[in-house]
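In: give me coordinates for this.
(one chain, ligands or ions: 3)
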Amino acid sequence: MGSRIKSSTLTIPATTVIPRHVAIIMDGNGRWANQRFLPRVAGHSKGLDAVREIVEQCTTHGIEYLTLFAFSSENWRRPKEEVTFLMNLFFKALDKEVARLHTNNIRLRLIGDMTEFPKNIQKRVIEAERLTEKNTGLVLTIAANYGGRWDILNATRQALIENPNTNPADINEAWLHPYLAMSYAPEPDLFIRTGGEQRVSNFLLWQLAYTEMYFTDTFWPDFDANAFSASLEWYRKRERRFGQTGLQVLENVIIKNA
Ligand code: IPE
Ligand code: IPE
Ligand code: MG
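Out: Ligands and ions are numbered 1, 2, ... in the order given. Below you'll find the model as predicted:
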């Protein structure tokens, strides 16, 4: 069951020196722009260059899944002009970048409540997901209008719609798992938040249960290959215990290498 439901609270996943799944809160675009006396939105445009670079780096390092938080369910609270700018940037990025992702064998997926997005974006998203669905390289997930609490509630609702006669005693992780937005991926090994804040901001609440958390003051537009390598180096030094003692982890390594 463990391998099927990929849950770090039910079975201890095999861990590798390079994370299989990296999830990033790309924060600090506005402050990057403010520092340069530019409008906040200039930081978002520049942030797209960083996305390109990190996607490329993931492929170089052999990372299997990259999940990027692009727009939270709370970001609608921003000034209308900024929200509109972000929507347009997202639309343009879908238009411009998808062909290149496809050429590079990258599979694009979107998580979040797409129904609140403009129709032209929803259409582009479906087309892009279809175009790249057979690609076998990096799985690039963009979280847009995503919220961790939305994900858990939405999964519960979907699970109950499909299994209306569920006995409450049968509600467990395996029951809920197929309905969670990222059920296709192993849970993130490494979480990165740029921009100096040390909070989760309603990102993958369920999936981050045993993820290693890396925080850096670097603003997202400045997060380059070197900064990414530093986070991978930090990850390499973590001892992932999943509830065990350090001694048990060491014994497992010795047994594995015997
Ligand atoms: C993250 O950068 C991008 C989005 C939320 C879309 P911010 O826009 O939050 O930048 P800061 O935190 O204000 O600097
Ligand atoms: C989180 O960043 C969301 C994204 C990066 C898309 P925010 O900048 O919106 O987070 P808070 O509001 O500072 O927690
Ligand atoms: Mg921010």
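
In: any weak-confidence spans in the stretch 151-258 of the chain?
Out: Of all residues in the stretch 151-258 of the chain, none has pLDDT under 70.

In: make sure residue 192 is indeed in a helix.
Out: No. With DSSP: H, G, I helix; E, B strand; the rest coil as the criterion, residue 192 is located in strand rather than a helix.

In: distance of it from residue 231?
Out: From residue 192 over to residue 231 the distance is 5 Å, taken as CB to CB, to the nearest Å. For every residue, glycine as well, the C-beta is placed using N, CA and C.

In: out of these two, which sits in the busier spot?
Out: residue 192 (28 against 22; other CB atoms under 10 Å).

In: just to revisit the earlier point, give the residues shared as contacts by residue 192 and residue 231.
Out: Shared contacts of residue 192 and residue 231 (CB atoms under 8 Å, 6 or more residues apart in numbering): 214, 216.

In: please determine how far residue 241 is located from residue 40.
Out: Using CB to CB, one obtains 40 Å as the distance from residue 241 to residue 40.

In: who has more neighbours, the two?
Out: Each of residue 241 and residue 40 has its neighbours counted (other CB under 10 Å); residue 40 has more, 17 against 12.

In: thought residue 86 was touching the more buried one, still the case?
Out: No. With contact defined as CB atoms under 8 Å, residue 40 does not count as touching residue 86 (10.2 Å).

In: can stretch 56-75 be found next to ligand 1?
Out: Yes. Stretch 56-75 comes into contact with ligand 1 (CB under 6 Å from any ligand atom), by way of 71, 75.

In: CA atoms of that stretch as PDB?
Out: Written as PDB, here are the backbone C-alpha positions of stretch 56-75 (Å, rounded to 0.1, in the frame of the first residue of the first chain):
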ATOM      1  CA  GLU A  56      16.500  23.800 -16.700                       C
ATOM      2  CA  GLN A  57      18.500  23.200 -13.500                       C
ATOM      3  CA  CYS A  58      16.100  20.500 -12.400                       C
ATOM      4  CA  THR A  59      16.500  18.700 -15.600                       C
ATOM      5  CA  THR A  60      20.300  19.000 -15.300                       C
ATOM      6  CA  HIS A  61      20.200  17.600 -11.800                       C
ATOM      7  CA  GLY A  62      17.800  14.800 -12.700                       C
ATOM      8  CA  ILE A  63      15.000  16.000 -10.400                       C
ATOM      9  CA  GLU A  64      11.800  14.200 -11.300                       C
ATOM     10  CA  TYR A  65       9.200  16.700 -10.000                       C
ATOM     11  CA  LEU A  66       9.300  20.500  -9.600                       C
ATOM     12  CA  THR A  67       6.200  22.200  -8.100                       C
ATOM     13  CA  LEU A  68       6.000  26.000  -8.200                       C
ATOM     14  CA  PHE A  69       3.600  28.200  -6.300                       C
ATOM     15  CA  ALA A  70       2.600  30.900  -8.800                       C
ATOM     16  CA  PHE A  71      -0.600  32.300  -7.400                       C
ATOM     17  CA  SER A  72      -2.300  31.400  -4.100                       C
ATOM     18  CA  SER A  73      -6.000  31.300  -3.300                       C
ATOM     19  CA  GLU A  74      -5.300  34.400  -1.100                       C
ATOM     20  CA  ASN A  75      -3.500  36.400  -3.800                       C
END
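
In: helix, strand, or coil at the residue nearest to residue 189 when sequence neighbours are not counted?
Out: Distances taken as CB to CB, 6 or more residues apart in numbering place residue 19 nearest to residue 189, at 3.6 Å, with adjacent residues excluded. Each residue gets one of three states, and residue 19 gets coil by three-state DSSP.

In: ok, residue 19 to ligand 1 distance?
Out: In this structure, residue 19 and ligand 1 are 22 Å apart, going by CB to the nearest ligand atom, to the nearest Å.
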